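Asker: Mind looking at a prediction? Sequence and model below.
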Amino acid sequence: MKISLDQLKKMMAAYRLKVLRVQTLEDGYLVETNKGKKRVTVWNQSAQLKWSNAWREQMSALGHQAVEKFIPNMNKKKYIRYQGKYFVLSHIPEGRKPNVSDYWDCESTGRVYAQYHHALEGIEPKTTLVNHTPFSDDFFIQGSKWIKEGIQAIEHKEHPTLIDELIYANLPLLYQRFRRAYQLWEGVKDSVFSLPLSYASFQLDQLTETDQGWHVSGGYNQPLVTLHHDTVHLLRNIYEKSDWKEEAVLSFLKGYEEERKLSDTELIYILFQLAVPVEVWTYFNQYMQKGEITPDEAEKMVDAIRKQRHWDHLAARFGRYIDENNRQKIPFQ
């Protein structure tokens, strides 16, 4: 939502701030004031804003002060409502972002990320939203059916294209991945709803190393789902940015579990999501719905198929990580 400069100046006056310069951001504004740079974020839902404020305050209460907190205005409110939206002010941290080639950085960010998850567990039920997961039995049953139908459709084509042949060559493996992921889902689907909510994704650039330690920020207007959808997104982000180094992921997990142990349900839920061929499925789904894909989509699909080998390796390595954890739990006889 865009507002006029005059209206933004009026809002900042409620914080006793004078606006010097303004830059438009995807989720709000970067505002240079007489008291330094600030971020103004625009929120659509009060419940989501309340939830986001809750985990920030909880992290602070648990002793982690390096967290983006919403600044109260002269009316002692942490937002200004204008035209049905909620405008929120916060400080912008200065520092560097995580270096995934530095395994100590990975371990350190794992610890602070676990502290963030600790904070989510401490939010009162009344401040949370409805818990849900983006997966279901129908997702896998229907997906497996479509893959079989896709194989049959291409087999019946008199003159299949190169794209048809590429998709056909990869469909059996896609089907195997789907069935494997479904087996893992069967083992955790009744337990995951006991986990707290978190963002659908978590970006590395939400972490900034400051004088107070690793500063946590962001997550504006993001959809909320069951915990560890964010973890899987972050693990993949670390793995890809480190040029597919499993040591970067393992260092992150080491730091995380030093701060917060993952339960068996959480470990399997993470493994399950790592096993889902999300990107390949996205382009195959487009192909099934339209009967064809554009050259640009085909190029992206080829890249997704190439990357899928890395995601398969990550899922297999995480499976071994679980096995190693289980062996450590077995007492000596």
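Answerer: Cool, got the structure.
Asker: Identify each buried residue in the host helix or strand of residue 181, please.
Answerer: Take DSSP states H and E as the rule and residue 181 turns out to sit in helix 162-188. Within helix 162-188, the residues scored as buried using 16 or more other C-beta atoms under 10 Å are 163-164, 167-168, 170-171, 174-175, 177-178, 180-182, 184-185, 188. (Glycine included, C-beta is placed from N, CA and C.)
Asker: what secondary structure does the residue at minimal distance from the centre of the chain sit in?
Answerer: The centroid of the chain falls nearest to residue 201 when counting by C-alpha atoms, centre = their mean (1.3 Å). The three-state label given to residue 201 by DSSP: H, G, I helix; E, B strand; the rest coil is coil.
Asker: can you give me how far the worst-scoring helix or strand of the chain on mean pLDDT is from the chain middle?
Answerer: Taking mean pLDDT, DSSP states H and E as the measure, the helix or strand of the chain with the lowest value is helix 278-290, at a mean of 86. Distance of helix 278-290 from the chain centroid (C-alpha atoms, centre = their mean, to the nearest Å) equals 21 Å.
Asker: Next SSE downstream of the helix or strand containing residue 225?
Answerer: According to DSSP H and E, residue 225 maps onto strand 224-226. Heading C-terminal from strand 224-226, the first helix or strand you meet, by DSSP H and E, is helix 229-241.
Asker: Name the residues of that following helix that come out as buried.
Answerer: 229, 230, 231, 232, 233, 234, 235, 236, 237, 238, 239, 240.
Asker: on contacts alone, who are the packing partners of the longest helix seen in the chain?
Answerer: What stands out as the longest helix in the chain, according to DSSP state H, is helix 295-329. Packing partners of helix 295-329 (3 or more C-beta pairs under 8 Å, 6 or more residues apart in numbering; DSSP states H and E): helix 162-188, helix 229-241, helix 246-259, helix 264-275, helix 278-290.
Asker: Between those, which one is closest to residue 39.
Answerer: Closest to residue 39 of these, according to C-beta to C-beta: helix 229-241, at 20.8 Å.
Asker: neighbouring contacts of the closest one?
Answerer: Applying C-beta atoms under 8 Å, 6 or more residues apart in numbering, the contact partners of helix 229-241 are 100, 106, 113, 133-134, 198-204, 245-246, 248-249, 252, 270, 273-274, 307, 310-311, 314, 318.
Asker: still on that earlier bit, what are the buried residues along the longest helix of the chain?
Answerer: Within helix 295-329, judged by 16+ other C-beta under 10 Å, the buried ones are 297-298, 300-301, 304-305, 307-308, 311-312, 314-315, 318-319, 321.
Asker: which element is residue 21 on?
Answerer: Residue 21 belongs to strand 19-25 when assigned by DSSP H and E.
Asker: Check residue 243 too.
Answerer: Per DSSP H and E: residue 243 is located in neither a helix nor a strand.
Asker: hang on, the earlier thing: now do the longest helix of the chain: distance to the chain's middle.
Answerer: 17 Å.
Asker: repeat for stretch 12-30
Answerer: That offset, for stretch 12-30, works out to 27 Å (C-alpha atoms, centre = their mean).
Asker: any weak-confidence spans in the stretch 201-333 of the chain?
Answerer: Counting by pLDDT under 70, the stretch 201-333 of the chain contains low-confidence ranges at 329-333.
Asker: just the strands in the stretch 1-150 of the chain please.
Answerer: 19-25, 28-33, 36-43, 80-82, 85-91 (DSSP state E, counting those that start in this stretch).
Asker: Which of those sits closest to residue 67?
Answerer: Among the strands of the stretch 1-150 of the chain, strand 85-91 sits nearest to residue 67 (C-beta to C-beta), with 10.0 Å.
Asker: I'd like to know how many residues surround the residue nearest to residue 71 when sequence neighbours are not counted.
Answerer: Nearest non-adjacent residue to residue 71, counting by C-beta to C-beta, 6 or more residues apart in numbering: residue 89, 4.6 Å away. By other C-beta atoms under 10 Å, the residues close to residue 89 number 24.
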